[in-house]
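Participant: just a sequence and a predicted model for now, questions to come.
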Amino acid sequence: MSFSEPEVERYARHLVLREIGGPGQQKLKAARVLLVGMGGLGAPASLYLAAAGVGTLGLLDPDTVSLSNLQRQVLYGTADLGRGKSLSAGERLSALNPEIEIEPLPFALTAATAAELVKGYDLVLDGTDDFATRFAVNAACVAEGKPLVSGALGRWSGQVGVFAAGLTRGRPLAERQPCYCCLTPEIPPDAETCAMVGVVGALAGVVGSMMALEAIKLITGAGEPLTGRLWIYDGLEGEGRTVRLSPDPQCPVCG
């Protein structure tokens, strides 16, 4: 897979990185990434994945742009109010990088459709804020053997984890990776959404960008991804920590 002269110039800062270089940039160009949710996390993540040269981005979101989104979803503008997020995002990302392919998916993901949808991509990013969708995405990624980058945020804190249980299913417990349901087996009784408790806008950029970074590492093989780990960031204190996760042998999804 070769690069055109404009692509060489566009990705110059990647091409000189030892951990990415030409081979890594070719992997990015060949990759197909599905973003589930084009809101506070999917919006910034998609900007950096498009700019990085990920060859195909699937943008899944059934919602339209509302005025309250613009405090943190800087992918959109006031002129996009009322328009579908996946279509509006696709236009913006194509303008940012016309070298990539965009697949707008203006519908909701369900437990019945998730596996077939996930099957067509190499990697999935989930930035949604409802647990039914999170559980459906996780189950599909496990079933189809796809890595999942999951992010969440609220108020002043956020988290990012990489779940690769689908790649280690069937191995002895000591060699297995956890899935999202090993961390969150059921909907917490005190589950909150950003609409309920609020969120500082810039935090979405921090967490969404971290999701994009993990995706780039997974695709190129650079560094040590957060596989089997959870990064937790406290925006008020300006502190982050990483905790290691263990697979649940009784997990109904990957156990």
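Facilitator: Sure, I can see it.

Participant: and stretch 233-240, how far apart are its ends?
Facilitator: Stretch 233-240 has an end-to-end distance of 4 Å (Cα to Cα, to the nearest Å).

Participant: show me which positions of the longest helix anywhere in the chain end up buried.
Facilitator: Longest helix in the chain, counting residues (DSSP state H): helix 201-220. Buried residues in helix 201-220, counted by 16 or more other Cβ atoms under 10 Å: 203-220. (Each C-beta comes from the backbone N, C-alpha and C, glycine too.)

Participant: next, I102: phi, psi?
Facilitator: phi -120, psi 130 (degrees, to the nearest 10).

Participant: revised request: answer the last question for L183.
Facilitator: Main-chain dihedrals, L183, degrees, to the nearest 10: phi -80, psi -40.

Participant: that one: neighbour count?
Facilitator: L183: 18 surrounding residues under other Cβ atoms under 10 Å.

Participant: elements contacting the worst-scoring helix or strand of the chain on mean pLDDT?
Facilitator: In the chain, no helix or strand scores lower on mean pLDDT, DSSP states H and E than helix 194-197, which sits at a mean of 75. Here helix 194-197 touches strand 148-154, going by 3 or more Cβ pairs under 8 Å, 6 or more residues apart in numbering; DSSP states H and E.

Participant: any idea of the angle the strand it packs on forms with helix 201-220?
Facilitator: Angle between the axes of strand 148-154 and helix 201-220 is 170 degrees (criterion: axes from the mean of the first three to the mean of the last three Cα atoms, to 10 degrees).

Participant: in its sheet, what does strand 148-154 sit against?
Facilitator: The strands beside strand 148-154 in its sheet (DSSP bridges) come out as strand 123-126 (parallel), strand 157-163 (antiparallel).

Participant: any weak-confidence spans in this protein?
Facilitator: 190-192 (pLDDT under 70).

Participant: how many residues are close by the closest residue to G21 other than its chain neighbours?
Facilitator: Setting aside the residues directly before and after it, G21 is nearest to L15 in space (Cβ to Cβ, 6 or more residues apart in numbering), at 6.1 Å. Counted with other Cβ under 10 Å, the neighbours of L15 add up to 16.

Participant: if I look at L15, how far off is G170?
Facilitator: 38 Å (Cβ to Cβ, to the nearest Å).

Participant: same question, A115
Facilitator: 18 Å.

Participant: higher neighbour count, the two?
Facilitator: When neighbours are counted by other Cβ under 10 Å, A115 and G170 differ, and A115 comes out ahead with 16 against 7.

Participant: correct me, but that one touches E144?
Facilitator: Yes. With contacts counted by Cβ atoms under 8 Å, A115 reaches E144, the gap being 5.9 Å.

Participant: could you name the helices and strands sitting against the strand or helix carrying L167?
Facilitator: Using DSSP states H and E, L167 sits in helix 165-168. With contacts defined as 3+ Cβ pairs under 8 Å, 6+ apart, helix 165-168 has these neighbours: helix 131-144.

Participant: quick one: the helix it packs on to chain centroid distance?
Facilitator: Here the centre of mass of C-alpha atoms in helix 131-144, compared against the chain's by Cα atoms, centre = their mean, to the nearest Å, lies 13 Å away.

Participant: likewise for stretch 195-205?
Facilitator: Worked out by Cα atoms, centre = their mean, stretch 195-205 lies 17 Å from the chain centre.

Participant: sorry, back to before: how near is the residue nearest to G21 to K29?
Facilitator: According to Cβ to Cβ, L15 and K29 sit 12 Å apart.

Participant: ok, S246 next?
Facilitator: 35 Å.

Participant: partner residues bridging G151?
Facilitator: Beta bridges link G151 to V160, judged by DSSP bridges.
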